[in-house]
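Visitor: Got a sequence here, can you model it:
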Amino acid sequence: PARLATEGALWGAIKAHGLLPGTVIVSDDAGQFALGEHALCWVHAERLVHKLDTFTDQQRAAQTRVCDLIWWYYADLKAYRREPSRRRRAELRARFDRIFQRHTGFVMLDRLLERLHANKTELLQVLDCPEIPLHTNGSENDIRAQVTRRKVNGGTRSDPGRDCRDAFLGLAKTCAKLSISFWDYLGARLGIIGQAGIPYLPDLVRARCQPA
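Guide: Presented below is the predicted three-dimensional model:
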């Protein structure tokens, strides 16, 4: 309860101070991320169809057909992100209905398609915000190292240890995205003799985000 209240207070403070305007949270549909402007990951959505158990040739054919339609649609969403237009937006909304309101005769697949269609607004958030990603692969890759370490040794044993791990993992991941050696970064910050200087990381991030 204390953690939930703390997280609620944090989000409330962000909204009250007008911070992060226009932010869209993209998630795998886990309940803790369903706040603010919310979008769903297409890779996780397709995975539900891909992992559905099939037992007959007809069921496998229906599953394959739907997966093909989803990936075809996904490719067109990627193209829309590069060149959004009002006409294309309307076409993609109508096509979403044709894919996810179809009846295949495979009961479990039809129920799953109905469930995904109910998430239409969140799955199609990209049509109104083409700058957001269509999946959560980037954020999942960022935390994979921490998850792997937790599986090996059970994680940190104290709050300071967790804070230290998170801080250094964040620095290492940021350096990797900026094509900077993490060891060179540490050498520059620790004042190692002969180590070349490395600019302030936020400045590098802002420079990288500037339009070409």
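Visitor: CA only for contacts and neighbour counts going forward, please
Guide: Fine.
Visitor: top helix in this protein by residue count?
Guide: In the chain, with assignment by DSSP state H, the single longest helix is helix 57-82.
Visitor: what's the helix or strand harbouring Val49 in contact with?
Guide: Per DSSP states H and E, Val49 falls inside helix 42-50. Residues from elsewhere that reach helix 42-50 (CA atoms under 8 Å, 6 or more residues apart in numbering): 28, 63-64, 66-67, 70, 74, 109, 112, 116, 123, 134-136.
Visitor: List only those of the residues you listed flagged as buried.
Guide: 28, 63, 66-67, 70, 74, 109, 112, 116, 123, 134-136 (16 or more other CA atoms under 10 Å).
Visitor: Just give me the closest of those residues to Leu40.
Guide: The shortest approach to Leu40 among the buried ones among the contacts of helix 42-50 belongs to Leu123, at 5.1 Å (CA to CA).
Visitor: Quick check: beta-bridge partners of the closest residue to that closest one other than its chain neighbours?
Guide: Nearest residue to Leu123, sequence neighbours excluded (CA to CA, 6 or more residues apart in numbering): Leu40, at 5.1 Å. With DSSP bridges as the criterion, Leu40 is bridged to Ser27.
Visitor: For the chain, which segments count as helices?
Guide: Under DSSP H, the chain gives helices at 2-16, 42-50, 57-82, 86-100, 107-118, 120-123, 125-128, 137-153, 159-177, 182-189, 201-209.
Visitor: Among these, which comes closest to Gly36?
Guide: Comparison of the helices of the chain against Gly36 by CA to CA identifies helix 2-16 as nearest, at 9.0 Å.
Visitor: Tell me the predicted confidence for Arg93.
Guide: Per-residue pLDDT puts Arg93 at 96.
Visitor: before we move on, back to that, can you lay out the buried ones among the contacts of helix 42-50 as JSON lines showing pLDDT and distance to Glu46?
Guide: Below are the buried ones among the contacts of helix 42-50 laid out as JSON lines (pLDDT from 0 to 100; distance: CA to CA, whole Å):
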{"residue": "Asp28", "pLDDT": "86", "distance to Glu46": "11"}
{"residue": "Gln63", "pLDDT": "97", "distance to Glu46": "11"}
{"residue": "Val66", "pLDDT": "96", "distance to Glu46": "9"}
{"residue": "Cys67", "pLDDT": "96", "distance to Glu46": "7"}
{"residue": "Ile70", "pLDDT": "97", "distance to Glu46": "7"}
{"residue": "Tyr74", "pLDDT": "96", "distance to Glu46": "10"}
{"residue": "Leu109", "pLDDT": "97", "distance to Glu46": "12"}
{"residue": "Leu112", "pLDDT": "96", "distance to Glu46": "10"}
{"residue": "Leu116", "pLDDT": "96", "distance to Glu46": "9"}
{"residue": "Leu123", "pLDDT": "96", "distance to Glu46": "11"}
{"residue": "Leu134", "pLDDT": "93", "distance to Glu46": "12"}
{"residue": "His135", "pLDDT": "91", "distance to Glu46": "11"}
{"residue": "Thr136", "pLDDT": "88", "distance to Glu46": "13"}
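Visitor: In the protein, where is pLDDT below threshold?
Guide: 212 (pLDDT under 70).
Visitor: and it, what are its domains?
Guide: The chain breaks down into these domains under the TED database: 1-127, 156-209.
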